[in-house]
Each structure stands twice: as C-alpha cells, then as structure tokens.
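Chemist: Give me the fold of what follows.
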Amino acid sequence: MAKVWLDFNRQINATRQQFFEEQNPDVMLDALVRESWQRCQTMGLGHLEYLDFLPVSSQQLNHLLEQDQALVAAFSDVLPGFQQQIETAGYLVVLTNASGIALQIQGDLRRHDVATQHTFRPGISFAEECIGTNAMGCAINARREVSILGGEHYVESITGFQCAAAPVLDRQGRVLGVVDLSRCAERPDYGAKQIARQIARQVERRLFFQQRSYMALELNLVQLPVGVNTQHSDGLLLAFNAHGVLTTACHQAQSWLELHRIKGDVSFEAIFEQSFAQLMLNRKADLHRLRLHSGLDISARLYPGSSGVVVSGCDIGARNRPQPEMGDPALMRLLVQGGTALQADLPVMVSGETGTGKEVMARQLYQESALPGRFIALNCAAIPESLIESELFGYEEGAFTGARKGGARGKIEQADKGVLFLDEIGDMPLALQARLLRVLETGEVTRLGGERNRFCDFRLITASHRNLQQAVHEGQFREDLYYRIKGLNLHLPPLRQRPNLRQLILSLAKTYLPTAQLSEAALTQLCAYAWPGNVRELINVLKVLRVFNQGVSEIGVTALPDEIRQQRAVPRHGRLLDQECQMICEVLRQCKGQVEIAAKQLGLGRATLYRKIQRYGLDIRDFR
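Modeler: Coordinates of the predicted model:
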C-alpha cells in the first residue's frame with residue numbers, strides 16, 4: 001500500500017512539473033482535476049500563491065448560518081452516526097454552503113498541526129476561485145462526489161491535504177451545500193469519498209422529510225421481504241398529496257423514474273400499476289411491493305403524514321398528528337375545499353365571529369396543503385399602525401431609528417413557499433392595503449427603506465370578524481384588494497348556530513375533562529347558552545371546570561360559571577325541537593346507543609330516528 005502511495009506522489013509531481021513549468025495543458029490527469037487546473041489558470045490564480053484563509057465576519061457567518069439553518073441542523077443530526085469512524089481515521093468533517101463557505105467544522109483539531117487548524121475554520125471560503133482546486137470546490141462545480149489527493153490540489157501550499165467531498169442536492173439537483181472529509185496524512189485515502197457521499201445522502205433524506213406531505217414513499221430497487229425491518233435504502237423519495245398527486249421527488253428519483261417525460265401533474269397511477277386508493281387501504285403496513293409500468297417490481301416504505309417531522313434512521317415520529325376538533329361535518333367539508341383552493345394557488349378568506357376558530361382553520365389548511373414553507377401569522381389588529389409596515393414588509397439597515405443591523409425579513413418573506421395568514425385584515429391601514437395589493441399582483445416585496453425587489457411565492461389566507469363588503473361600501477377597505485383576496489370564502493358559523501353543539505361539547509369534554517363527565521342538566525345548560533365568545537369561550541369554561549372540580553366524577557349545574565348558570569335557557573332549535581333532542585338523548589343513553597331498541601321505545605321507525613340523530617349532530621358512540 002505504501003508503494004502505491006509513493007508511486008502516486010511521483011506521478012503527480014511529474015505531472016505538476018509538466019503543467020506548471022513546461023506549460024503542457026494535456027497532462028495525464030483525471031479530467032475533472034485537469035479542467036479545474038485550467039479554470040484556475042484562466043482566473044489568474046498562481047500555483048505558488050500565498051493563501052491567507054481569512055474567514056468572513058462573525059456577523060456574516062451568523063447570517064449564513066441562519067440562511068441554512070435547516071441544512072446545518074440535518075448535518076448535526078446525521079454526523080454522530082459516523083463520528084467515531086471518521087475521527088479514528090484522523091479526518092476533519094466540513095459542511096459548507098452552496099458557495100463553499102464553511103458553516104461547521106467537526107473533529108478534534110487539537111490532533112492536527114497549526115497549518116490545518118488555521119485552514120479549517122468556520123467562515124473560510126473553500127470555493128475554487130479562492131483557494132484553487134480542492135474537493136469542496138470541485139464537488140460544487142461537478143455536482144457529484146470528488147476526491148482530491150495531495151498534489152492534485154492546484155496551489156502548492158495545500159498539497160499536503162487529502163480531501164473527499166460530496167454535494168448535498170435539493171430536489172431539482174441544485175447544490176445546497178457540501179460535506180467534506182479532510183486530513184493531512186501520508187497514506188491512501190480509500191473509502192473517504194463513499195463516507196462523504198453517505199452523509200450527504202442522509203442529510204438530503206432528512207431535508208426531504210422535513211417538507212410537508214400527505215404521504216411519502218421511499219423506494220428500494222432490491223425487493224425487501226415484507227415484515228423485515230431493514231435500514232437498506234436506495235434514496236429514492238417521493239411525496240404525494242391526499243389526491244395521489246406527486247408534490248415532490250428527490251433528484252435521484254426524478255432521474256431514475258424519468259419523471260420529466262410525464263407532462264402536467266404526475267399521479268401515483270402514472271408511475272405505478274397499483275392505484276393510490278389501493279395503497280391507502282393498506283397504509284398501516286410499512287413495507288409494500290409495487291410494480292412500475294415498466295414491469296419492474298420494487299419495495300416501498302410508506303410514511304403517512306410526514307408533515308415536517310424529524311427523521312431518525314428509518315423511523316418517523318408523530319406520523320399522524322391529531323386534527324383539531326371541528327365538531328361539524330360541514331366544517332370538515334370546508335377544510336377539504338380550502339385545501340383544494342390552496343393547492344390551486346387561490347387565496348382563501350375565513351370569516352366568522354371572534355372565537356369561532358379562524359386561526360385553527362387556517363393552520364389546519366396549512367397542514368393539509370403539503371407546502372414546504374412555514375405558516376406565518378400576523379394579527380393586523382394587534383400591532384400598532386406605526387409598526388405593522390415593517391412587520392409585514394421587512395426593513396433594511398438604517399431604515400429608521402432602532403432598525404436592526406443588517407435589516408430584517410418581514411412576514412411576507414418568511415412565508416416564502418408556505419402560507420401567510422393575515423388575521424383581522426379588515427383592520428389593516430388603507431395605505432398598507434395598497435402595498436399589499438401590489439405584492440399580491442407582482443409576487444415581489446420591497447423592504448422598508450430598500451430599493452431591491454424580492455420575489456416571494458406564498459399562499460394567502462385572510463380572516464376577519466368584520467363584514468369586509470360593508471367596509472368596502474363605507475370606504476374603510478379597498479375594493480380592489482377585497483376582490484383580490486376573496487378567492488374562496490369559508491364562513492365559520494358561531495357556536496350557537498352549530499346543529500351539533502351537544503356532540504362538540506361532549507368531544508371537547510373528553511379532552512379537557514378526562515376524569516369527569518358532565519351531568520345531563522349541566523350539558524343541557526351548556527347547550528342552551530348563547531356562547532358570545534364561541535369555541536374559545538367554551539374551551540376556557542371547560543378548563544375552569546377541570547381546575548375547580550378535581551376528584552369529582554360528575555360535574556353538575558352548580559359548578560358552571562355564573563353567567564351560564566344564571567342565564568335563562570334559550571332553546572337552540574325552538575322549544576319543541578330542543579325537548580325532542582333531549583328525549584332522544586335520554587332514550588339512547590338508556591339503550592346504550594342501540595338505535596333499533598331506542599326507536600321502538602320512542603315509537604319511531606329506525607330510519608326516522610337515524611335522520612333525527614343526524615339532524616341534531618349526535619354521535620351514537622357518545623351513548624355506548
């Protein structure tokens with residue numbers, strides 16, 4: 001092995017003499033290295049040039065770390081699995097951004113000489129134009145894993161290093177950053193490139209699963225036995241929405257499946273012979289066997305509901321997040337409509353009284369959307385008029401007294417690739433309404449005190465308890481903005497108008513009163529209350545009942561707050577209908593939810609009773 005290394009050194013030294021002293025451009029070199037040397041010469045970089053390795057300022061470094069925080073976090077999560085193996089071989093591990101600037105250095109620098117300690121620091125640029133041919137710079141240019149050994153480095157002063165690097169790519173195959181293994185050693189570098197590649201692929205995998213999706217698939221070309229838990233993965237990742245339409249695919253999967261040949265939206269059925277519905281029927285099984293239209297059989301691991309979850313090995317925690325209690329099938333239909341509108345890039349307006357759950361609906365729409373960006377909320381009524389402009393549009397350094405150094409992104413920029421939720425938009429000042437309209441029409445935002453336009457791609461959800469159409473007539477809201485944000489209007493009814501208020505109260509009581517139940521009289525009084533604060537008020541009342549009724553198995557009317565207990569009961573469906581609902585509930589409870597027996601006792605046909613149960617929004621499970 002030592003002889004192989006000595007022969008390599010003799011050969012590369014002879015090649016360097018031919019290239020630099022004899023000016024022979026056609027030397028026997030790896031094509032990637034030769035092209036890099038030629039680029040360095042074209043840039044005017046001398047092979048004997050002194051490299052000072054000066055890092056960027058700490059302020060610039062912090063900004064870069066903030067920009068690539070998801071990349072840095074994924075790298076930090078993946079690296080411990082390789083750390084011992086790497087450090088035993090004496091490597092330092094470097095993570096750079098897409099420009100080649102080091103974001104993190106991992107490894108015991110104390111084991112290395114002063115020159116190495118000076119070279120490998122966060123903030124140092126390893127771009128080819130800064131230090132010549134090196135593994136990190138070549139990996140960025142070639143978008144593949146690269147080894148640069150000893151004399152293959154362009155600049156003489158760094159020819160003592162052995163470096164192996166692999167790029168971290170996004171789903172379009174663009175470079176997000178580079179993982180590099182470097183050391184100063186007089187021995188072969190076998191295996192380092194493969195380790196760098198494995199780390200980079202695992203970082204890509206984590207970043208993929210941090211995007212929101214209804215369902216994700218991880219494909220394996222090897223047919224894995226069903227029921228066998230294995231860490232094997234070919235790194236082919238696909239994500240689908242609830243309709244079975246492909247929302248994203250990693251660049252390896254796009255290339256392997258040749259997805260560019262499919263025009264328009266790519267459905268599950270366009271890739272596989274099985275239907276999406278068939279897969280969902282058996283979604284509880286982790287491992288599936290699928291057949292491509294080419295006839296090839298593959299294994300696929302299914303990850304349902306990978307909404308921004310953190311990946312650890314092959315397991316994804318918190319797969320199925322519980323949905324908030326909507327309490328009404330009609331509201332669930334609104335949720336489906338809103339999700340469809342967001343996917344079609346239509347603005348969604350959520351209207352309703354205070355406390356009806358407008359922000360809850362907006363957040364759930366975001367969860368269902370599978371958008372990769374964040375959910376950013378701004379309450380236009382909660383921020384002083386003097387501050388809302390900078391909060392929404394951001395500002396540049398020096399835009400006003402007290403402006404942060406380096407400026408700040410506004411809510412619109414933060415919502416890029418995600419959802420911007422503007423609550424109480426009816427309270428937005430008229431001057432800002434004009435600026436917002438321009439952003440919605442052009443997709444570009446200009447920070448306060450700045451001149452540069454920044455493109456932002458986001459979905460918009462607005463909400464207001466005010467009647468915006470009336471505000472337009474009164475001149476308090478711009479008509480053009482109103483019709484720009486109207487899109488799909490989702491109206492949330494007040495609690496007093498919910499046809500199944502009883503079911504909603506019982507469902508919420510299971511969450512907030514886990515050790516007690518409401519008496520029939522208390523439940524009747526709660527159903528009769530007008531609930532001016534809507535769902536928010538109801539939840540707070542249940543929380544109060546839990547705190548002040550510890551150790552009680554049943555909560556009666558006397559435990560209810562004064563305003564509920566003392567208010568005269570107002571039947572929600574009219575007195576006769578309300579009495580009918582109470583009678584049906586009482587009989588169902590006696591019959592333990594057996595509809596056929598309850599119908600006989602009530603003197604009704606079974607179908608008639610079912611219709612009444614549906615009309616009052618009752619759930620049979622509550623009586624069993």
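
Chemist: How about S464, nearest residue that isn't a chain neighbour?
Modeler: G426 (4.0 Å; C-beta to C-beta, 6 or more residues apart in numbering). To be clear about C-beta, it is placed using only N, CA and C from the backbone, and glycine gets the same treatment.

Chemist: And for E385?
Modeler: Residue nearest to E385 in three dimensions, not counting chain neighbours: P429, with 5.2 Å by C-beta to C-beta, 6+ apart.

Chemist: now do R174
Modeler: Spatial nearest neighbour of R174, chain neighbours left out: A98 (7.6 Å); criterion: C-beta to C-beta, 6+ apart.

Chemist: what residues are up against the one you found?
Modeler: Residues counted as contacts of A98 (C-beta atoms under 8 Å, 6 or more residues apart in numbering) are 140, 174-177.

Chemist: Distance-wise, check it relative to D416.
Modeler: Applying C-beta to C-beta, to the nearest Å, the value for A98 to D416 is 17 Å.

Chemist: Return the distance of the residue nearest to R174 relative to Q67.
Modeler: A98 sits at a distance of 10 Å from Q67 (criterion: C-beta to C-beta).

Chemist: where in the stretch 351-500 of the chain is pLDDT low?
Modeler: For the stretch 351-500 of the chain, the stretches flagged by pLDDT under 70 are 370.

Chemist: can you map out the strands along it?
Modeler: All strands of the stretch 351-500 of the chain, identified by DSSP state E, counting those that start in this stretch, fall at 375-379, 419-423, 444-446, 453-455, 459-464, 488-491.

Chemist: Make JSON lines out of these and add distance to N62.
Modeler: Formatted as JSON lines, the strands of the stretch 351-500 of the chain follow (distance: least, C-beta to C-beta, whole Å):
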{"stretch": "strand 375-379", "distance to N62": "22"}
{"stretch": "strand 419-423", "distance to N62": "26"}
{"stretch": "strand 444-446", "distance to N62": "23"}
{"stretch": "strand 453-455", "distance to N62": "20"}
{"stretch": "strand 459-464", "distance to N62": "30"}
{"stretch": "strand 488-491", "distance to N62": "41"}
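
Chemist: Quick one: closest of those to I271.
Modeler: Proximity to I271 (C-beta to C-beta) singles out strand 459-464 among those, at 26.2 Å.

Chemist: could you say what helices and strands that closest one packs with?
Modeler: Applying 3 or more C-beta pairs under 8 Å, 6 or more residues apart in numbering; DSSP states H and E, we find strand 459-464 packed against helix 329-343, strand 348-351, helix 358-369, strand 419-423.

Chemist: Mind doing that once more with 6 Å?
Modeler: The helices and strands touching strand 459-464, judged by 3 or more C-beta pairs under 6 Å, 6 or more residues apart in numbering; DSSP states H and E, are strand 348-351, strand 419-423.

Chemist: what element comes up after the helix or strand Q503 falls within heading to the C-terminus?
Modeler: Per DSSP states H and E, Q503 falls inside helix 501-512. Next helix or strand after helix 501-512 toward the C-terminus (DSSP H and E): strand 517-518.

Chemist: How about residues contacting that following strand?
Modeler: Strand 517-518 is contacted from outside by 509, 554-555, using C-beta atoms under 6 Å, 6 or more residues apart in numbering.

Chemist: Kindly reformat the residues you listed as a markdown table containing pLDDT, neighbour count and distance to R496.
Modeler: Below are the contacts of strand 517-518 laid out as a markdown table (pLDDT from 0 to 100; neighbours: other C-beta atoms under 10 Å; distance: C-beta to C-beta, whole Å):
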| residue | pLDDT | neighbour count | distance to R496 |
| --- | --- | --- | --- |
| A509 | 89 | 22 | 18 |
| E554 | 91 | 12 | 25 |
| I555 | 91 | 21 | 22 |
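
Chemist: From these, pick the one nearest P532.
Modeler: A509 (20.2 Å).

Chemist: Distance-wise, check the closest one relative to G394.
Modeler: For A509, the distance to G394 - C-beta to C-beta - is 44 Å.

Chemist: low pLDDT regions in the stretch 201-350 of the chain?
Modeler: Low-confidence segments of the stretch 201-350 of the chain (pLDDT under 70): 212-213, 222-234, 281, 283-286, 304-330.

Chemist: any idea where the strands of it begin and end?
Modeler: For the stretch 201-350 of the chain, the strands defined by DSSP E, counting those that start in this stretch occupy 215-220, 236-240, 246-249, 287-291, 297-304, 311-312, 315-316, 348-351.

Chemist: need the contacts of strand 517-518 in JSON lines with distance to L109, can you?
Modeler: Converted to JSON lines, those look like this (distance: C-beta to C-beta, whole Å):
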{"residue": "A509", "distance to L109": "59"}
{"residue": "E554", "distance to L109": "66"}
{"residue": "I555", "distance to L109": "63"}
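
Chemist: From these, pick the one nearest G44.
Modeler: G44 lies nearest to A509 out of these, by C-beta to C-beta, at 75.8 Å.

Chemist: ok, now how distant is the closest one from V445?
Modeler: Here the criterion is C-beta to C-beta. By it, A509 lies 45 Å from V445.

Chemist: I199 and A471, how far apart?
Modeler: I199 is 55 Å from A471, where distance means C-beta to C-beta.

Chemist: who's more crowded, these two?
Modeler: A count of neighbours by other C-beta atoms under 10 Å puts I199 above the other of I199 and A471, at 23 against 18.

Chemist: Could you list which residues are in contact with the spatially closest residue to the more buried one that is not a sequence neighbour?
Modeler: Counting by C-beta to C-beta, 6+ apart, I199 lies nearest to V179, which is 4.7 Å off, once chain neighbours are set aside. Residues near V179 by C-beta under 6 Å, 6+ apart: 166, 196, 199-200.

Chemist: Would you agree V179 falls within a strand?
Modeler: Yes: assigned with DSSP: H, G, I helix; E, B strand; the rest coil, V179 falls within a strand.

Chemist: which residues does it form a beta bridge with?
Modeler: As for beta bridges, V179 partners with L95, A166 under DSSP bridges.

Chemist: Next one: it, what pLDDT does it get?
Modeler: pLDDT, V179: 96.

Chemist: Domain-wise, how is this structure divided?
Modeler: Domain assignment of the chain by automatic domain parsing yields the ranges 2-208, 211-316, 329-491, 497-623.

Chemist: Pull the distance from the longest one to the chain's centre.
Modeler: What that stands for is domain 2-208. Chain-centre distance of domain 2-208: 30 Å, with C-alpha atoms, centre = their mean, to the nearest Å.

Chemist: what's in contact with the helix ranked longest in the chain?
Modeler: Looking across the chain with DSSP state H, the single longest helix is helix 192-209. Under the contact criterion C-beta under 6 Å, 6+ apart, helix 192-209 has outside partners 74-75, 78, 82, 145, 147, 164-166, 168, 179, 181, 235, 237, 250, 306, 311.

Chemist: tell me which residues in stretch 58-65 are buried?
Modeler: 61, 64-65 (16 or more other C-beta atoms under 10 Å).

Chemist: right, I mislabeled it, should have said stretch 474-494
Modeler: If you call a residue buried by 16+ other C-beta under 10 Å, then stretch 474-494 has these buried ones: 477-478, 481-482, 484-485, 487-488, 490, 492, 494.

Chemist: Sort out for me which of these are in helices.
Modeler: Here DSSP H is the test, and those give 481-482, 484-485 as lying in helices.

Chemist: What is the neighbour count of Q41?
Modeler: Neighbourhood size, Q41 [other C-beta under 10 Å]: 17.
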